[in-house]
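Chemist: Generate a structure from the sequence data that follows.
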Amino acid sequence: MRALVPVACAVVVLAHAAHAADPPSTVTCRVRDDARGREFVLRPADPARAAAGAPEPRWQLSMRDAESKGAWIDLLLPGARPALTASTARLSYRNANGGRQVDLEVSPAGSRLEVWVDHGLEVNIEPDLDPRVDRLNTDGAIAAVECTIGAPVP
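Modeler: Reported below is the predicted structural model:
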């Protein structure tokens, strides 16, 4: 297991919702002043199913960076239940074998993101798992993130 070291930095939070009646469907976080240019998005894994009002939407965390040249690396989060409002988001996710862990907190007071995934553990459960998922690791909590709550990201 990797050691996780928190990173302390100032935080800027940008939050909005398309319409008061429409619940937010994504959380997009960009790491500030990041040489890798990382962008993370928590979103429904199947937007059509979520739009149809499925009782249990499936969620995923996606990341892209300079190395991926804009291509998303997706990590399904089976059973995840994020709490999203127009100005806050919260997810504390750990799967049964501990190979997928995501902690996300977004509020007007600040934001924090921590991701730990181990492809070696998870490929036993999901044989088609993209080996690049290890690149989602944040190596500790990141507070230097600008997060937006709202509409889907292309």
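Chemist: only C-alpha atoms for contact and neighbour calcs from this point on.
Modeler: OK.
Chemist: what ranges do the helices span in this structure?
Modeler: Listed in chain order, the helices of the chain (DSSP state H) span residues 47-51, 119-122.
Chemist: Least reliable of those helices by average pLDDT, please.
Modeler: Ranked on mean pLDDT, the bottom entry among the helices of the chain is helix 47-51, at a mean of 59.
Chemist: what ranges do the strands span in this protein?
Modeler: Counting by DSSP state E, residue ranges of the strands within the chain are 12-13, 26-31, 39-44, 59-64, 73-77, 83-84, 89-94, 100-107, 110-117, 145-150.
Chemist: remind me which residues of this protein are low pLDDT?
Modeler: In the prediction, the chain carries residues with pLDDT under 70 at positions 1-23, 47-56, 151-154.
Chemist: please redo it, this time with the cut-off set to 80
Modeler: Per-residue confidence of the chain (counting by pLDDT under 80) places the weak regions at 1-24, 47-57, 151-154.
Chemist: Ala71 touches Glu39, doesn't it?
Modeler: No: with the criterion set as C-alpha atoms under 8 Å, Ala71 and Glu39 do not qualify as a contacting pair; they are 10.9 Å apart.
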